[in-house]
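>>> A structural model of the following input is requested.
(chains A and B)
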Protein chains: 2
Amino acid sequence: MFKVNPHYAKLPGNYLFAEIARRVRQHAATHPEADIISLGIGDVTLPLPPAVVSAFEQGVREMGDAKTFHGYGPDFGYDFLRQAIRDGDYAPLGVEVALDEIFVSDGAKCDVSNIQELFSDDAVIAVTDPVYPVYVDSNAMAGRAGVYDNGRWSRLCYLPCNAENGFVPPLPDRPVDVIYLCYPNNPTGTTLSRAQLQTFVDYAREHGCLIVYDAAYKAFITSDAPHSIYEVPGAREVAVECCSYSKTAGFTGTRCGYMVIPREVCGQGDGGQPVSLNAMWKRRMGSKFNGVSYPVQRAAAAVHTPQGAAQCAQNIRYYLQNAALIRSALSDMGYEVYGGVDAPYVWLKTPVDSWAFFDRLLTQAHVVGTPGAGFGPCGEGYFRLTAFGDHDRTAQALQRIRNLG
Amino acid sequence: MFKVNPHYAKLPGNYLFAEIARRVRQHAATHPEADIISLGIGDVTLPLPPAVVSAFEQGVREMGDAKTFHGYGPDFGYDFLRQAIRDGDYAPLGVEVALDEIFVSDGAKCDVSNIQELFSDDAVIAVTDPVYPVYVDSNAMAGRAGVYDNGRWSRLCYLPCNAENGFVPPLPDRPVDVIYLCYPNNPTGTTLSRAQLQTFVDYAREHGCLIVYDAAYKAFITSDAPHSIYEVPGAREVAVECCSYSKTAGFTGTRCGYMVIPREVCGQGDGGQPVSLNAMWKRRMGSKFNGVSYPVQRAAAAVHTPQGAAQCAQNIRYYLQNAALIRSALSDMGYEVYGGVDAPYVWLKTPVDSWAFFDRLLTQAHVVGTPGAGFGPCGEGYFRLTAFGDHDRTAQALQRIRNLG
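The predicted structure is shown next:
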């Protein structure tokens, strides 16, 4: 019988969200009168902005007319969208990016999990702890993570983030090939300053590492933290950057994102020669991908118009108001809270372990959040609340938590 | 410096379509008066059918209203689409498929290239020759193809298809793990009968192989050939099937497809235990994919409505009329022609080598086709013309070829 990839068998069950759903279902069944409010999901709730809907509809109409119909599009995205990204997302930061360094995709989740196909099988991977699990799982499926035991993979290099270090990851304590960084961060809601990011870029340059920088939440930045790793000198030589319309413009169900791979980023081939990651990704996407839906690319381009950008910014402000409310209410109640200023996530220190806190909130306040332990061992003792809910419902959830005393 | 995947360096340049484009550009530059007609591309030209556009627009409008907005969808596709596929594509064939055996994706190209992630690194792969290059390239990138030399990969098992064997691939002459089959076939335009497909299913069952069956062109079948490999007894144990809306409904720029993985299909784990490919794919898609755009799934579901199906069938008939015209005109001129009855591709025997024939058509008739050599060594001596063009322009191209004498 044909043999399968043996690394899948090493993956632990995807317990976190399944377990949360199970406990919520059980609570709902035993308390049918309970009005459960979820501050657990990382999904947006506001609809697509009108300017985006209008461009999306126009794109669909074009597909219905032979004169304006679009068949196969460019594998790396239409130039109208790549130009809009360059001019809308990078030029205002003073960052120069060439069109052929921008690759449009159906979302950052695909990009951050597919990029590892370009690494050698024995590459050593560093991730923060807690971490967005996709970085870990995609490398584990390719056999780079080693063996999973007691919540940790044997071959990964973990960079612990906690209140003590202000959620700023330490540099790796051993040689690594690739470092995944997500800022603003999911789940901690904190971000890195220019100087902190510079430390990582300098380290990567000195040690020949690649940084995979996930900037999916950059639209939420209100401080003077960098929106792109390319604001930091030297980053073009060592970093690729993944961005997404999911949280910026409510595209979680519409699906569009992009990756930037500067021409300078090179790894080492088998013969020791430098190999351009940009060229490899072109080959990867040309061979294994067929572009993003044309109307979706039209919708994404509208995000970068003055009207679209203003409407998206208004939605971001709505969510950030929720985040501010969560922060202030919880602080007021005596909780230690982090994040929520440059991100839609608030990370709080729990008085009991994170699952016990989850149960207390669920059963006594009918409020759902996410236990920090689900994001890695260093997430234990913390809890994530999201700002993507309705304002009034969020306020109501906070009042209930207050009433717990 | 971090090491890259060494297998990319083994890939030959993607010369075929680049070389075609180069020669066409050159001809256009030296003959600015030439009215070039392309029968070379595999892309549709008719717009999306009205029923599909209407559902697509409705889906977009729902995204603009908080009451009907859709955030993250199910990783494996909405049930409304999976039900439409089950009831529209399989039930009429007498084939039972469960909803959780259907995985909606952004296109068959992604599916046929991602499925190899589930195979062990040393799996031996069989492909037909000529072949759609994606099967080969995706395995080559993962290191399963060996070394490329003189048009052939050292570790692949090639199944030669030519006029002598009626383009019916022979069974592998050595042990293989996976067999890729595409019927109706790109590029030969021929398909397999039930009995011929049964031979492969029986072989796979006897030898423990997996069949990756690409049925992207099934909507073009006019003979009594099977539309699905699951029409053949035993196939549920050994075959996965990839389908696409690209050619069925003109979705090349809209992007939607699906894969069927029956629960019975098992490979062997490291400990010799059977491992369900369906469970592995669920894990793969749950970890590395975030679903297909909601409005696109609404558009795809409309393909399965009575109105949508009738409009798609009308477009297919239009293309098949082109194919019939190409067949009869070329036969009339004395060419040996194949395919074009159950597929949008006509495959003809060339009087000279396939690139010389390309040049003759381009320079003397201003008509562009695809040299068979581009699809593999056994494609030499053949040439592909596609039926996706305008009817009048196709007739005009044929008249010009006739005038060549």
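
>>> how far does the helix or strand hosting A:Leu320 sit from the chain's center?
Counting by DSSP states H and E, the element that carries A:Leu320 is helix A:306-332. Relative to its parent chain, helix A:306-332 has a centroid offset of 18 Å by Cα atoms, centre = their mean, to the nearest Å.

>>> and it, which residues are buried?
Neighbour counts over helix A:306-332 (16 or more other Cβ atoms under 10 Å in any protein chain shown) mark A:308-309, A:311-312, A:315-316, A:319-320, A:322-323, A:325-327, A:329-330 as buried. Bear in mind the C-beta positions are built from the backbone N, C-alpha and C, glycine included.

>>> same thing with stretch A:197-216?
Under 16+ other Cβ under 10 Å, the buried positions of stretch A:197-216 are A:197-205, A:207, A:209-216.

>>> Can you sort out which of those also neighbour chain B?
Contacts with chain B are made by A:Cys209, A:Leu210 out of these, judged by Cβ under 8 Å from any Cβ of the partner chain.

>>> Could you list which of the buried residues of stretch A:197-216 belong to strands?
Members of the buried residues of stretch A:197-216 lying in strands (criterion: DSSP state E): A:Leu210, A:Ile211, A:Val212, A:Tyr213, A:Asp214.

>>> Closest to chain B out of these?
Lowest distance from chain B to these (Cβ to the nearest Cβ) belongs to A:Leu210, with 5.0 Å.

>>> quick one: the helices in chain A?
For chain A, the helices defined by DSSP state H occupy A:15-30, A:50-63, A:79-85, A:108-114, A:133-141, A:194-207, A:235-238, A:245-249, A:277-288, A:294-302, A:306-332, A:354-360, A:391-404.

>>> can you tell me which of those comes nearest to B:Gly272?
helix A:133-141 (20.7 Å; Cβ to Cβ).

>>> close to chain B, is the closest one?
Yes: for helix A:133-141 and chain B, the contact criterion (Cβ under 8 Å from any Cβ) is met by A:Pro133, A:Val134, A:Asp137, A:Ser138, A:Met141.

>>> so which of those residues is the most crowded?
A:Ser138 (25 neighbours; other Cβ atoms under 10 Å in any protein chain shown).

>>> Double-check A:Arg194 against A:Pro226; I have them as touching.
Yes: taking Cβ atoms under 8 Å as the definition, A:Arg194 is a contact partner of A:Pro226 at 5.2 Å.

>>> Out of these two, name the residue with the larger neighbour count.
Per other Cβ under 10 Å, whichever of A:Arg194 and A:Pro226 has more neighbours is A:Pro226, with 25 against 12.

>>> could you list every residue that touches that one?
A:Leu93, A:Leu192, A:Ser193, A:Arg194, A:Leu197, A:Val232 (Cβ atoms under 8 Å, 6 or more residues apart in numbering or on different chains).

>>> A:Tyr245: which of the residues you listed is nearest?
A:Leu93 (17.6 Å).

>>> Count the neighbours of the closest one for me.
Neighbour tally, A:Leu93, other Cβ under 10 Å: 14.

>>> ok now do it, which residues does it touch?
Contacts for A:Leu93 (Cβ under 8 Å, 6+ apart) come out as A:Pro226, A:His227, A:Ser228, A:Tyr230, A:Glu231.

>>> Filter those residues down to the buried ones.
With burial judged by 16+ other Cβ under 10 Å, the buried subset of those is A:Pro226, A:His227, A:Ser228, A:Tyr230, A:Glu231.

>>> Tell me the spacing between the fourth one and A:Thr222.
Looking back up the chat, that one is A:Tyr230. 20 Å (Cβ to Cβ, to the nearest Å).

>>> With the last one instead?
Note on A:Glu231: its distance to A:Thr222, by Cβ to Cβ, is 16 Å.

>>> ok, which pair from the contacts of A:Leu93 is furthest apart?
Farthest pair in these (Cβ to Cβ) is A:His227 and A:Tyr230. Separation: 9.4 Å.

>>> Spell out which residues of the stretch 101-250 of chain A are next to chain B.
By the rule Cβ under 8 Å from any Cβ, the part of the stretch 101-250 of chain A lying against chain B is A:106-107, A:109-110, A:113-114, A:117-123, A:133-134, A:137-138, A:141, A:177-178, A:208-210, A:250.

>>> Measure how buried A:Ala123 is and give me the count.
Quick note: A:Ala123 (other Cβ under 10 Å) scores 22 neighbours.

>>> typo on my end, it should be A:Phe289
Using other Cβ under 10 Å, A:Phe289 is surrounded by 23 other residues.

>>> That one contacts A:Val104, correct?
No: between A:Phe289 and A:Val104 there is no contact under Cβ under 8 Å: 9.9 Å.

>>> returning to what we had before: out of the buried residues of helix A:306-332, which comes closest to A:His70?
Of all the buried residues of helix A:306-332, A:His70 sits closest to A:Gly308, with 20.5 Å by Cβ to Cβ.

>>> And that closest one, how far from A:Val292?
17 Å.

>>> pLDDT below threshold where in chain A?
A:14-15 (pLDDT under 70).

>>> Could you pull up the residues touching the residue nearest the centre of it?
Centroid check for chain A by Cα atoms, centre = their mean gives A:Ala216 as the closest residue, at 4.6 Å. If you count contacts by Cβ under 8 Å, 6+ apart, A:Ala216 has them with A:Ala108, A:Cys182, A:Asn186, A:Cys242, A:Cys243, A:Ser244, A:Ser246, A:Lys247, A:Gly257.

>>> TSV please, covering these and showing neighbour count.
What follows is the contacts of A:Ala216, written out as TSV (neighbours: other Cβ atoms under 10 Å in any protein chain shown):
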residue	neighbour count
A:Ala108	26
A:Cys182	26
A:Asn186	23
A:Cys242	25
A:Cys243	27
A:Ser244	27
A:Ser246	25
A:Lys247	26
A:Gly257	25
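
>>> Show me which of those residues is closest to B:Pro12.
Nearest member of the contacts of A:Ala216 to B:Pro12, counting by Cβ to Cβ, is A:Cys242, at 29.4 Å.

>>> Cheers, nothing more for now.
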